[in-house]
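> Quick one, structure for this:
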Amino acid sequence: MLSSLYDKYNLFATWCINFDLMFYISNVKRFYFLYYSRIKRFCASNKELVFIFIALIVVTFSISLKNYLNDQSFFSGVKVEMHGAILEFFIFGIVFHILSERKKKNESIDSIRVKMDVCKEVYTPYSHSGLVNCFDELCRLKVKGFNLDCIEIVKLSLCNKDINEVSFVKSDMCGCRFCAAKFIDSSFSGSVLIECSFVLSKMRGGDFDDCLIVDSDFSKSVINGASFCNSLLVDVDFEGAELREVDFCGAELRGIDFSKCVYFDVDSVSSAILVDCIGV
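Model prediction:
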């Protein structure tokens, strides 16, 4: 069975070599202009790979020459060893490609973080769009845990985003929209949120401790395991929201209607200060 597989591989490799030769011979001029500069640039920037490739060729012919001296099968040995060398070089190329892509990704992330820090310094329409673009890029690269602390921004829109382990600590946000966003272990601790919208958002483990939240909308949101300890909430809308294992310990709640919540545990506000609240 192994010999049969080897014969098929040998036939396939021979066919590939013949096809490549026919293709390149019939397109010598095109190949020269299209690939020569790339090959030259590759060799200049990847001297280690070129050295390894040459070393593989030398080792291949050395082994084949040794076999030739023993059983007079030089070209057969070259063919076998070249197949092995090509396979090894192919595997090495895959590993090199993976490491190279990882390096590019890390460099890209560092560059995006620098741009984001610049956009956070001063609020302008350009910095607003730049911040959203940076956020989108980090989400696309599946980066978690980046920092937007101490940000001061108006009408930032991050709707339908996956906001995982993002820190908005001590930020000042007005009119920002997080509609239908998904929050996982993100923190707004110590922030001021005025007229912000979290409609249809889903939160797991959010931190809103020591916040000032005024005229904000959490309607139809699903909040699981979030904490609003020691925060001041004024005229916040929780209509149609699910408040599961939400902690309002030490919070001051003013003008909030909990009667329209889909799910609400009255015990969660037992140690909170309630002023003109309904449904508790």
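
> what's in contact with stretch 242-260?
For stretch 242-260, the surrounding residues in contact (Cβ atoms under 8 Å, 6 or more residues apart in numbering) are 221-240, 261-266, 268-269, 271-280. (Each C-beta comes from the backbone N, C-alpha and C, glycine too.)

> Domains in this structure, by residue range?
2-107, 145-275 (automatic domain parsing).

> What segments of the stretch 101-250 of the chain are strands?
Assigned by DSSP state E, counting those that start in this stretch, the strands in the stretch 101-250 of the chain fall at 152-154, 162-164, 172-174, 182-184, 192-194, 202-204, 212-214, 222-224, 232-234, 242-244.

> so where's the stretch 101-250 of the chain uncertain?
Low-confidence segments of the stretch 101-250 of the chain (pLDDT under 70): 116-130.

> and with 90 instead?
Confidence mapping of the stretch 101-250 of the chain against pLDDT under 90 gives the ranges 101-168, 171-173, 176, 184-185, 205-206.

> For the stretch 101-250 of the chain, which segments count as helices?
Secondary structure of the stretch 101-250 of the chain by DSSP state H, counting those that start in this stretch: the helices cover 125-140.

> one step back: closest one to Phe146 among the strands of the stretch 101-250 of the chain?
The minimum distance between Phe146 and these falls on strand 162-164, with 9.5 Å, by Cβ to Cβ.

> Residues contacting the closest one, please?
Strand 162-164 is contacted by residues 139, 144-145, 178, 181-186 when judged by Cβ under 8 Å, 6+ apart.

> Can you list the strands that that strand pairs with?
Under the criterion DSSP bridges, strand 162-164 sits next to strand 182-184 (parallel) in its sheet.

> Just the closest of the contacts of strand 162-164 to Ile213, please.
Once Cβ to Cβ is applied, the member of these that ends up nearest Ile213 is Phe178, at 12.6 Å.

> Test my guess that the closest one contacts Leu193.
No: Phe178 lies out of contact with Leu193 (Cβ atoms under 8 Å); the separation is 9.7 Å.

> Let me know how buried Asp257 is, in neighbour terms.
Counted by other Cβ atoms under 10 Å, the residues lying close to Asp257 total 16.

> quick one, phi/psi of it?
phi -100, psi 110 (degrees, to the nearest 10).

> beta partners for it?
Per DSSP bridges, the residues bridged to Asp257 are Ile278.

> where's it relative to Asn224, distance?
Distance, Asp257 to Asn224, by Cβ to Cβ, to the nearest Å: 21 Å.

> of all the strands of the stretch 101-250 of the chain, which lies closest to Val95?
strand 162-164 (29.3 Å).

> Tell me which residues of the closest one come out buried.
Residues of strand 162-164 classed as buried: 163-164 (neighbour count, 16 or more other Cβ atoms under 10 Å).

> what does stretch 190-202 give?
190-194, 196-201.

> Can you give me the end-to-end span of that stretch?
With Cα to Cα, to the nearest Å as the measure, stretch 190-202 spans 21 Å from end to end.

> Can you list the neighbours in contact with it?
For stretch 190-202, the surrounding residues in contact (Cβ under 8 Å, 6+ apart) are 168-183, 208-222.

> rerun at 7 Å
With Cβ atoms under 7 Å, 6 or more residues apart in numbering as the test, stretch 190-202 has contacts from 168-183, 210-222.

> picking up where we left off before, widest-spaced pair of the buried residues of stretch 190-202?
The distance between the two most remote of those (Cβ to Cβ) is 25.5 Å, for Gly190 and Leu200.

> that older thread, can you redo the buried residues of stretch 190-202 as TSV with distance to Arg113?
Listed next are the buried residues of stretch 190-202 as TSV, based on distance: Cβ to Cβ, whole Å:
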residue	distance to Arg113
Gly190	22
Ser191	21
Val192	24
Leu193	24
Ile194	27
Cys196	24
Ser197	27
Phe198	25
Val199	29
Leu200	29
Ser201	25
